[in-house]
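A.B. asks: Here is a sequence with its predicted model. Questions after.
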Amino acid sequence: MVRGDVGIELGRRVAAALEAALGIELTPAETLIRTSSRRGADYQCNVAMSLGKKLGRAPREVAELIVKHLDSDDLLQGAEVAGAGFINLELSVAWLEGQVTSLTDDDRLGVAPVEVPRRIAIDYSSPNIAKEMHVGHIRSTVIGDSIARLLRFEGHEVIPHNHLGDWGTPFGMLIEYFLAQGGGGEQTISDLDRFYKRARERFDSDADFAELARKRVVLLQGGDEETLTLWRHLVDESTRHFDKVYGLLGIGLTTDDIYGESFYNPYLAQVVTELEEKGLTEISDGAVCVFPTGFTNREGDRLPLIIRKRDGGYGYAITDLATARYWTAERGATDLLYVVGLPQAQHFEMVFAVSRAAGWITDAQHAEHIGFGTVLGEDGKAMKTRSGETVKLADLLAEAVERATAVMAERSDLAPEAQADVARAVGIGAVKYADLSGDRERNYTFEWDRMLATEGNTSVYLQYANARIRSILRKAGREAGGAPVKLDAPAERELALKLVQFPAALASATQTYSPHKMCTYLYETATAFSGFFEHCPILRSEVPEDVRASRLALASLTSDALTLGMSLLGIEAPQQL
Ligand code: ARG
C-alpha cells in the first residue's frame, strides 16, 4: 500500500526515470505531477515542458525518455506522451483495488504521520474581554480550530493559544463602570456588549469618570491588588461567556489555552531592553519605536512599530513581540501561526520583521499570518442586525439550530429526542462549513438558505451522504470491510480514485492552511459516491455476494473518509439524519 499522496509517489518514479535517463536529480514535487480529468489520465506530468526548454531539447523527446525509463508497472496502467510533451498517467485497476482494500482497515486512510513533527503555536479565536463575540470572531475560531485539527492529525504538536484582549486602557473605564454599578454579581456584565457601550458612553460624557478611569489604568498596570481583583472578575465573567460559545460550537479551546495580552505584561520591559541593546529602537515623538526596513506609507515615510508610548504605556504591538519571543524562546515553538483578520496583515508583517531582526524568530522557524476576509450580510456590507448592531455569535448559533430543526422536521424520520441532537450537529455544522468551504481570504456572504441547502457544497449534503451510507450498512446487517474490492464499473473506479486521494487532500489543505481544500475534496467524494450509488446497486437481491461485499467495503470506506474529513473541520457526522 502506498502511504501519502499518490501524486508524490508518481513523482518519485518520474524522478528516478529522469535520473536514469538524463542524470538529472529532481525532488518528487519538482516533477510537476498534477491530477488530470482527461480521458485515460488520472494524473499528468508536466516536467518535460520546462526541462525541454532548459536542456534545449524538444519536450516531447524528453517526455518519451521519461516514459521509456519509467518503472511503474505496479502502479500504472499506462503512461502516454500527449500534446507538446505532457505525460498522461493512468493508474492501474489492480493497484487501485489493492490500495482501496488495504485502506478499508487503516484508521488513517493512508496518511503517514509526519517524520519530523513540528511544534506549532497557533493563535486563534482571541476575542476581547467585556465584549461579546461577534460573527467576525467566528471566522478566527472556526478556521483556527480546523487548522489545528488538520495539523494535529498529520502528527504535529499543536499548541493553541487564545490571545484574549484582556489588558490595556479600556479596562480603566470598564472597572470604574463596574464599580459605579455596585460592582456586584453577574447581571451587570451578563450582557457584555451593553456593558462595554455604557462604560464608553460614560467615559465620553463624564469628565470626572474619565479621570477616574485613567487613574484606574495606572493602578492596574502598577499591579494594585484591589484593582487586579476587580479586573479578574471582569475577565472571569467574560471567559464564562466565551466558554459557552465554544461549547456550542464544539471548539476544544479551554481556559488552559488562554494566553491573553495580560499574560505577556511581565515580559514587556525585557523586550524593550533587548530591542534597545540590539540598537533597533529610536525615539520618535517621545515614544520608543522600531522602524523595520521596508515598511513605508504612501508618502514614503517609514512606519513605526510602537514599543512604548510617550506616557510609558505599552500597547498591542509590543505585546505581539513578547508573544513571538515567548513561544519561540520559552516554549520551543518551530512555527508561529496567527489566525486573524486580513486588516491586521501589515501589523503581523511588521511584528515578524522586528522579531527576526531581534533574533526571536530565526530562519529555522516559520511565522505566518493566516488572514481571512469579512463576513457580509445579504446586502453585501459587513454583517449587521436589522437595527444596525453587530450580530452576536450566540444568537446566530441559536438561530442556526432552530432553522436546522425546521429542515429536519420536513425530512427526518427520527424520533423528536434524537432530532434535537442531530439538528444541533446540522445547524452548527452548516455555519462552520459555510465559513470553511470558501477560500479564507475572500469575503463571504452569510446566507441561511444556501448554507442549509441539502444539495451543493454544504455540510448538510455531506451529512446526508454519510447518513445514507450508514443506513445502507445497517440494512446490510454487518460490518463491511475486509472484503476485497473489485472495480468493474466506471463509477466504482471513479469513487475509488477519490478515496485513495485523501492524503493528498489533507496535504494540500495543510500546506497553505486552507481548510476549504478539504471541503472541496469531501464534496467531490460525496458526489462520486452518489454517482456510484446510482449505477451500482448494493443490496438488491440479484447482486452477487462478492460484488455486494466489495461495494459495501467501498461504501464503508467512503463513510470513513467523510467522517474523518468532517471531524478535521470540526463538524459532526451523525449516523442517522
Ligand atoms: N483581540 C484581537 C481582536 O479582536 C485579536 C488578537 C489577535 N492575535 C494577536 N496575537 N494579535 O482584534
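C.D. replies: Okay, I see it.
A.B. asks: other SSEs contacting whichever strand or helix holds residue 52?
C.D. replies: Here residue 52 sits within helix 47-55, counting by DSSP states H and E. The contact analysis (3 or more C-beta pairs under 8 Å, 6 or more residues apart in numbering; DSSP states H and E) places helix 47-55 against helix 6-22, helix 59-69, strand 86-91. In this view, the C-beta of every residue, glycine as well, is placed from N, C-alpha and C.
A.B. asks: Just name the most buried of those.
C.D. replies: Compared across the helices and strands packed on helix 47-55, strand 86-91 shows the largest average neighbour count, a mean of 24 (mean count of other C-beta atoms under 10 Å).
A.B. asks: Let me know the average pLDDT across the helix or strand following that one.
C.D. replies: Remark: after strand 86-91, the chain's next helix or strand is helix 93-103, criterion DSSP H and E. When pLDDT is averaged over helix 93-103, the result is 97.
A.B. asks: do stretch 432-452 as well
C.D. replies: 95.
A.B. asks: Identify each buried residue in it, please.
C.D. replies: Residues of stretch 432-452 classed as buried by neighbour count (16 or more other C-beta atoms under 10 Å): 432-438, 440, 444-446, 448, 451-452.
A.B. asks: For the ligand, what's the nearest residue on the stretch 301-450 of the chain?
C.D. replies: Residue of the stretch 301-450 of the chain nearest the ligand, by C-beta to the nearest ligand atom: residue 340 (4.4 Å).
A.B. asks: in what helix or strand does residue 421 lie?
C.D. replies: helix 416-436.
A.B. asks: burial of residue 277, as a residue count?
C.D. replies: 10 (other C-beta atoms under 10 Å).
A.B. asks: sec struct for residue 80, please.
C.D. replies: Counting by DSSP: H, G, I helix; E, B strand; the rest coil, the backbone at residue 80 sits in strand.
A.B. asks: how close does the nearest residue to it once chain neighbours are set aside sit to residue 20?
C.D. replies: The shortest distance from residue 80 to any non-neighbouring residue, by C-beta to C-beta, 6 or more residues apart in numbering, is to residue 88 (4.8 Å). Using C-beta to C-beta, to the nearest Å, residue 88 is found at 21 Å from residue 20.
A.B. asks: Equivalent analysis for residue 133, please.
C.D. replies: 58 Å.
A.B. asks: Does the residue of the stretch 301-450 of the chain closest to the ligand touch residue 123 like I think?
C.D. replies: Yes: counting by C-beta atoms under 8 Å, residue 340 touches residue 123, with 7.2 Å between them.
A.B. asks: Touching both of these two, which residues are there?
C.D. replies: Both residue 340 and residue 123 lack any common contact, where contact means C-beta atoms under 8 Å, 6 or more residues apart in numbering.
A.B. asks: Quick check: the nearest residue to residue 137 once chain neighbours are set aside vs residue 62, distance?
C.D. replies: Closest residue in space to residue 137, ignoring its immediate chain neighbours: residue 127 at 5.0 Å, by C-beta to C-beta, 6+ apart. Using C-beta to C-beta, residue 127 is found at 55 Å from residue 62.
A.B. asks: Now the most centrally placed residue in the chain: which helix or strand?
C.D. replies: The centroid of the chain falls nearest to residue 147 when counting by C-alpha atoms, centre = their mean (3.2 Å). Per DSSP H and E, residue 147 falls inside helix 135-154.
A.B. asks: after that helix comes which helix or strand?
C.D. replies: Next along the chain after helix 135-154, taking DSSP H and E as the criterion, comes strand 157-161.
A.B. asks: Report the angle between that following strand and helix 135-154.
C.D. replies: Comparing the axes of strand 157-161 and helix 135-154 via axes from the mean of the first three to the mean of the last three C-alpha atoms, to 10 degrees yields an angle of 160 degrees.
A.B. asks: near the ligand, which residues of the stretch 151-300 of the chain?
C.D. replies: Selection of the stretch 151-300 of the chain residues close to the ligand by C-beta under 6 Å from any ligand atom yields 163, 165.
A.B. asks: Helices of the stretch 151-300 of the chain, residue ranges please.
C.D. replies: For the stretch 151-300 of the chain, the helices defined by DSSP state H, counting those that start in this stretch cover 170-180, 187-190, 192-205, 207-221, 225-249, 268-277.
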